Every structure is written in structure tokens, then in C-alpha cells.
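Peer 1: I would like to see how this sequence folds:
(chains A and B)
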Amino acid sequence: MSGAGGGRTVDAELQLARLLIARANPLTLDFDADWNLRDLAGDAARFGFDGEDAAAALRGLQELFLGMPLDADIDLSFVQLPNGRNAHVHLATSADGFRVILLDAQHEHDRQRSQQQAGNEAMIASAQKSKAIGQLRRIRDQLEQQRSRLEEANALKTALIATLSHDFRSPLTSIFGYLHLLEADVALGDAPRQHLRAIRRNAGYLFALAENLLEYGRSESGGRVLDPVLVDLVALGEDFETMFRPLALEKGLDFRVQVRIDDPRKPVLDEMRVRQILANLLSNAVRYTLDGSILLDLHWRDGALGLRVVDTGIGIPEEHRERVFVAFNSGAQAGSKGAGLGLSIVKRLVGQMHGSLELESTLGKGSTFSIVLPALGQAEARDPSTGGGRFADTWLGGRSALVVEDDPDIAQFVELLLDDLGFRVRVTGDAASAVELACAEPPDVLLVDVELPGLSGNTVVYRLRAQGYRGRIVTMSATPTAEARATALAAGSDHYLTKPINIEQFVRTMMRVLEPR
Amino acid sequence: MNMPARKICLLGDFGVGKTSLVARFVRNTFSEEYLTTVGAKVDSKEVALPSGGAVKLVVWDIAGKSALDALNLTYLRGASGLLLVADGTREATLRAALDLLMQSRSLLPEAEAVLLVNKLDLVERWEVAPSTVAELRRTLPVFETSARFGDGVEAAFAELAGRIA
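Peer 2: The predicted structure is shown next:
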């Protein structure tokens, strides 16, 4: 049995050997100790060991073992031979030489390379992708940083413009106030009166410039919230007549204000914005009209304010009609000498109030700006401090006032105005003493500046209200924003006046303040 | 008189350009196609020495890997010199080349080594900083090479040949 079993084993081994030989196509080369070929058996052509390349192939084979110790068997897998074929190379040593066996590995090599190639390419692509993502992240970070810097710069710019505008208002309060007092002097001669007008005209220009800069400094979208108040259109017209008639007359221009009210409902608008629009349009009209007339027409009808400024000025060429509404395009209008902000601000303000703006102009004959502003609400809107009726000095006589203002010029000016109105006036310049004075002898009305040294005017108001002060409080500030106004009112103030102080407005406010509650 | 022959091996991560460097050096050819090497390819070229004479370099282009395995160690046996190859556009391959040098030291403690930072033609995409190359030059010869255009290739092989001849 064992003999038969051994026979089967031998048969199986022979079968296996034949199979492997068929698959591997071996080539066996026998060398002596000096690498002289003694015998060769197998598929020589497959490995390049036939024909004229045989000598080179043999040299190449010998070089495979260069430097290697030949005292033991050596296996080298997947070696590319000089003819380009891949083989597993096996070297066996014997007492008198070497036997090298080459097994064909081309098929397995190609299969492995195919797999390896895909893997390597995927890894390279992945590395490139990671790198690209890293670059994109870096670019994004850089853009973020750049955006932050730009936002910071923009915030600084806005803060700077707001500060400049604010800082303009305080001295202008004094200038306008004392101008008013000087102009009220009936004994003044013609020449000094003209000089005063020149001062007023230029101060007015400075004021308008500061207002426009402040508006421009606000972001396009994130500007002030609308502040709807009841507007006294007659008083509004009077204010602008007072402001611009002297300037127009000085140039020999006819200046008319026309107010028509054809809707019984009260107009509710953002008065601050309306005033800014009118100031810009009328400033331009006066500036660019050399002779003829200027008309301001305010027409309240169908729940909207129609506002027209008609001049007989130099006009705007057709090709410049779009450009005049772009900021800093002062060159768009012939003979322009302004900052080029006014009409861009007008356009922006009209847009904020959901209104419409039209320009008609004939070169050399004049321009008409027509604006329609829809009402912002019904009569439930807050009654503004500017909405008083005719004033009578006797109303105010015998009342007491405490003025809290650190600027001595403005303090003196307000004191003079109040004195004229018959008030008994005390003045102080800081928050602590204001609270002390008001508590010791509560005034009928407290007029307080917001920007005081140390604690703000709003703090004074808050502390007095907290201590039960029930008198009227008027806050005065050079910051004309809705936020500043809301802050003052929230602190407990009754009215908010912006500097420069318009005297008529001031008087109306004082009358309204002291009306019975 | 027989010309002396020396075995040198190229080591480096996959895709750094080892096969392309050999093709440029031995046959002065270049192919844009990337073909992964499996196992090893053996070529030879005679190199003239600056000191006179010449040496035959038997060049083993070994499949790219970031670490040596048993198979690669077999290929390295008998080598007198190593050409370590990195891809300048992939800094990780520089670390791999230096790791391979460290690993080969157990088998080839005396072998000379030259570092090739390849793909000089893509220098604007290099991750390897000039300062890094300068630092490495203090410990081993470094050549910036371009298998595509041939820059630095001949000089790198000649440097190694001069050291092992």
C-alpha cells in the first residue's frame, strides 16, 4: 500500500512541477565561479538570452549580484531584465559555481502594477486635493482678515465722520446763536449787516456739509431708522424761508415758499430727513441760480408730501443728470464748487423714505426737483418738539430753568435766550453739580447737553428722574441720530434738540415744554 | 583593464520621479506619463570621473515607498551609494527620503548618499523651503533636479560616482 501511495505522491509532484514549469517558463543558467556560462536550459528567448543580445543579457545578469555576498542563496523578486521582461531571479551557490534560475513574473508584475498605479494616483490626487483645499482655506482666511480690516477701516471712517460732524455742530451753535443776536440789533449799519450775512451764509454751508458727511458716513443699508413725527409744514416752510431768503436776496433772487395743505390728516414724516433734503436742494438752488427766482413748494395731499424746488438757474445738461446723484461728482454740474455730496444724499434720503425723485432741467433756464414722500404713518406718531404754535413771551415769564452745558459760549447763548423769554436761569457745566442744583431747587425746565465732561447729560437725566424730579427736561446734542434721540428720551428726557440750535425751533420747544401736561 | 563597477540605488516615495531621473541619466529621455515601478529596474552607465578614469554605475531603480520593507532591503544589498529622491512639491516626500536613509543605514552603514529634490521645473509649487534645503546641505550633498529638463541630474549622479569610485 505504501508503495502505491508513494507512487501517487510522486505522480502528484511531477504533475505539479509540470504545471509550475508551464506557468513560470523558467530559464536555468549554470555558471562557473568566474561567471562563465556552462549550461543553459529553458526558454532563453523569453528572457533575452538568445541571439546577439545574449552577451549583454549575461553581463546584466551578473551585474544584478554586484556587491552581494555570494556565499548563500539570493532571491530577487520582480526584477526587470535588460530585454524589459520582469522575472523572479533566484541564485543558488554550489561548490564550483552558481546556478541562476529566472521565473517569468511579467503577468504578476503587470497585475500588481495596475493595482499599485491606481493606489498611487489616488494618493497623489488626494494630496493635491488636500493642498488645494488648504490653499482655498488660506485664501478664505486672508479674505476674512481683509474683510475685517476693511470693516474696521470703514467703522473708523464712519466714526471719524460722525465725530467731525458732531464737532462742527457745537461751534456752529454758538456762531448761529450770536449771529442771530447781532442781526437782531436794529441799529446795525448796512455794511456790518452784509458782513454778518456772509458769515451766516458760510456757516450755513459748513453746517450742510457736516450734515451731508454724517449721512454719507452711514452705511447705505444700515442707516438711521425712520423717525416718523407729526410735521408742521407751515413752520417748516417758515424755517426755510428764514434760512434761505437772506441768501437769495443777497444775490438779487426772488425767493418764495408756498405751503398747500389739501389733506385733513396730519402729515407724519421723518422731519430730520425732510429738512436735510430741503437744505440740500435749496443750497444748490441758491448756489447755481444767478438771476431770476427760487420757489419752494410744499404740497400735502392724498397722504403724501409733494416737494418741489424750482429755480431759474444754470440747469443741468442731459448727459450729467445721472451723475449729479453720484457722491463726489461735483464736476457734473457746471460751475460746481461743492463737495458733490448734496444730491447723492438727497437721493439716498428719498429712497429711505420710499419716495420718488424727478429732475427736469433745461440748460440755461433752470431746474425743477420734484419729490413725493408718502406719509410714514397716521396721526398716532409722536408729536415732535418742533410742532408748537405761535409763541407769546408772557407764557414763559416767571419760570425757572437750569442749563447744564460745558461749552461756555453755548451756555451763555442759551442763558441769553432764556433770559429774553423771561426765565430765571441758572447755569452749570458738569453732571454732578447739575443733579445737586436740580435737587436743591427743582427748575421748571432743565436744559441739558449730552456731551458733558465725565458723566453724560443722559446720566443727569436718568439720575434726576430716579430721584423723582418731575419737571420738564430738554436734551441738547450735536448728535442728530435717531439712536441718540431715543437714548435721551429713554433716559427720561421730554424733548431732544439738535445743535446748531435754531432759535425759532428753540422758542417753540420751550413753549411746548411748558404747556400744561 | 576592467572598468570598476558600483551598485547604486534610488530610494524615495512613490511618484517623486526616480524612474524619470534614471531615464534622463541613462537614456536622456523623459516621459510625461507616470508609470508605477513594481520591484526593481536595473540599468547601467559609465561615468567619467573628475580625477580621471571612469566608473560603471549599476543603477537600481527601486519601487517607491515611504518605508523600507524586506523586499526593498534585498534590493539594497551590495549598494555602494544611495540616491535619495524627494519631490519638491510634496514636502512629505522629503521626510520620507530622510527616513529611508535612516532605515537603510542598518544594512548599508558605509554607503554614500546624495539627496535629489526633484521637479525643479515646478518650483513655483514647491513646498520645500529654500532654507530647508540649505540646512540639509550641511549634512549631505543636495541637488535640485528636473528630470523633465535635465537640470542637476548629471551633476547629482557624478557627485555620487565621485564619492564611491
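Peer 1: Longest helix in chain B, by number of residues?
Peer 2: Ranked by residue count under DSSP state H, the longest helix found in chain B is helix B:91-104.
Peer 1: List the buried residues in that one.
Peer 2: For helix B:91-104, burial by neighbour count (16 or more other CB atoms under 10 Å in any protein chain shown) applies to B:93-94, B:96-101, B:103-104. For the C-beta atoms, the positions are set from N, CA and C on the backbone; glycine is no exception.
Peer 1: on contacts alone, who are the packing partners of the helix or strand just after it?
Peer 2: Toward the C-terminus, helix B:91-104 is succeeded by strand B:112-118 as the next helix or strand (DSSP states H and E). Using 3 or more CB pairs under 8 Å, 6 or more residues apart in numbering or on different chains; DSSP states H and E, the elements in contact with strand B:112-118 are helix B:18-22, strand B:81-87, helix B:91-104, strand B:142-144, helix B:153-164.
Peer 1: For chain A, which of these is the nearest?
Peer 2: Minimum separation from chain A across the helices and strands packed on strand B:112-118 (CB to the nearest CB) falls at helix B:91-104, 7.7 Å.
Peer 1: Over that closest one, what's the mean pLDDT, rounded is fine.
Peer 2: On average, the pLDDT along helix B:91-104 is 95.
Peer 1: repeat for stretch A:253-265
Peer 2: On average, stretch A:253-265 scores 93.
Peer 1: Just give the number of residues close to residue A:508.
Peer 2: Residues lying near residue A:508 (other CB atoms under 10 Å in any protein chain shown) number 22.
Peer 1: cool, residue A:143 as well?
Peer 2: By other CB under 10 Å, the residues close to residue A:143 number 10.
Peer 1: Could you do residue B:35 as well?
Peer 2: 10.
Peer 1: For it, which residues are in contact?
Peer 2: Residue B:35 makes contact with A:113, A:117, B:19, according to CB atoms under 8 Å, 6 or more residues apart in numbering or on different chains.
Peer 1: got a winner among the residues you listed for most neighbours?
Peer 2: residue B:19 (23 neighbours).
Peer 1: That one and residue B:61 touch, don't they?
Peer 2: Yes. At 5.4 Å, residue B:19 and residue B:61 qualify as touching, with contact defined as CB atoms under 8 Å.
Peer 1: Next, show the common contact partners of the two.
Peer 2: With CB under 8 Å, 6+ apart, residue B:19 and residue B:61 have common neighbours B:37, B:41.
Peer 1: Strands of the stretch 101-250 of chain A, start to end?
Peer 2: With DSSP state E, counting those that start in this stretch as the criterion, the stretch 101-250 of chain A has strands at A:228-230.
Peer 1: near chain B, which residues of it show up?
Peer 2: A:105, A:109, A:112-113, A:116-117, A:120-121, A:123-124, A:127 (CB under 8 Å from any CB of the partner chain).
Peer 1: And stretch A:230-242, what's buried?
Peer 2: A:230-233, A:235-237, A:239-241.
Peer 1: actually stretch A:130-143, not the one I wrote
Peer 2: Buried residues in stretch A:130-143 (16+ other CB under 10 Å): none.
Peer 1: avg pLDDT for it?
Peer 2: For stretch A:130-143, the mean per-residue pLDDT is 92.
Peer 1: Just the residues contacting that stretch, thanks.
Peer 2: So stretch A:130-143 is contacted by nothing (CB under 8 Å, 6+ apart).
Peer 1: That one: how far from the chain's middle?
Peer 2: Relative to its parent chain, stretch A:130-143 has a centroid offset of 24 Å by CA atoms, centre = their mean, to the nearest Å.
Peer 1: before we move on, the earlier item: drop anything exposed from the residues of the stretch 101-250 of chain A next to chain B.
Peer 2: A:105, A:109, A:112-113, A:116-117, A:120, A:127.
Peer 1: for those, which one is nearest residue A:327?
Peer 2: Residue A:327 has its nearest neighbour among those in residue A:127, at 49.8 Å by CB to CB.
Peer 1: The closest one against residue B:93, yeah?
Peer 2: No. The pair residue A:127 / residue B:93 is not scored as a contact, 9.6 Å apart, by CB under 8 Å.
Peer 1: any low-confidence regions in chain A?
Peer 2: A:1-6, A:201, A:217-225, A:328-340, A:378-397, A:516-517 (pLDDT under 70).
Peer 1: how about the residues of chain B near chain A?
Peer 2: Counting by CB under 8 Å from any CB, the positions of chain B adjacent to chain A are B:5-7, B:14-15, B:34-42, B:44, B:58, B:63-64, B:71, B:74-75, B:77-80, B:90, B:92.
Peer 1: Would you write a ChimeraX line that selects the buried entries of those?
Peer 2: In ChimeraX, a selection of the buried entries from those looks like this (16+ other CB under 10 Å):
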select /B:5,6,7,14,15,36,37,38,39,40,41,42,44,58,63,64,71,74,75,77,78,79,80,90
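Peer 1: So which of the residues of chain B next to chain A are in helices?
Peer 2: If you go by DSSP H, those have B:71, B:74-75, B:92 in helices.
Peer 1: Now do the contacts for the residue most central in space within chain B.
Peer 2: Central residue of chain B (CA atoms, centre = their mean): residue B:83, 2.7 Å from the mean position. Each residue near residue B:83 by CB under 8 Å, 6+ apart is listed here: B:8-11, B:18, B:21, B:113-114, B:116, B:156-157, B:160.
Peer 1: Among these, which one is most surrounded by other residues?
Peer 2: Counting neighbours by other CB under 10 Å, residue B:116 leads those with 31 neighbours.
Peer 1: Touching, that residue and residue B:21? I think so.
Peer 2: Yes. Counting by CB under 8 Å, residue B:21 is a contact partner of residue B:116 at 6.7 Å.
Peer 1: Adding pLDDT, write the contacts of residue B:83 out as CSV.
Peer 2: Below are the contacts of residue B:83 laid out as CSV (pLDDT from 0 to 100):
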residue, pLDDT
B:8, 97
B:9, 97
B:10, 97
B:11, 97
B:18, 97
B:21, 97
B:113, 97
B:114, 98
B:116, 97
B:156, 97
B:157, 97
B:160, 97
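Peer 1: And the residues you listed, which is closest to residue B:51?
Peer 2: The closest of the contacts of residue B:83, once distances to residue B:51 are taken by CB to CB, is residue B:160, at 14.5 Å.
Peer 1: For the closest one, list the residues it contacts.
Peer 2: By CB under 8 Å, 6+ apart, the residues touching residue B:160 are B:8, B:57, B:81-83, B:112, B:114, B:141.
Peer 1: Looking at those, point me to the pair that's furthest apart.
Peer 2: Pairwise distances across the contacts of residue B:160 peak at 15.8 Å for B:57 and B:141 (criterion: CB to CB).
Peer 1: Could you verify that residue A:327 is part of a helix?
Peer 2: No. Per DSSP: H, G, I helix; E, B strand; the rest coil, residue A:327 lies outside any helix segment and is coil.
Peer 1: Report how many residues lie close to it.
Peer 2: Using other CB under 10 Å, residue A:327 has 16 neighbouring residues.
Peer 1: For residue B:122, see how far away the nearest residue to it once chain neighbours are set aside is.
Peer 2: Using CB to CB, 6 or more residues apart in numbering or on different chains and skipping residues adjacent in sequence, the residue nearest residue A:327 is residue A:344, 4.1 Å away. Distance from residue A:344 to residue B:122, counting by CB to CB, to the nearest Å: 51 Å.
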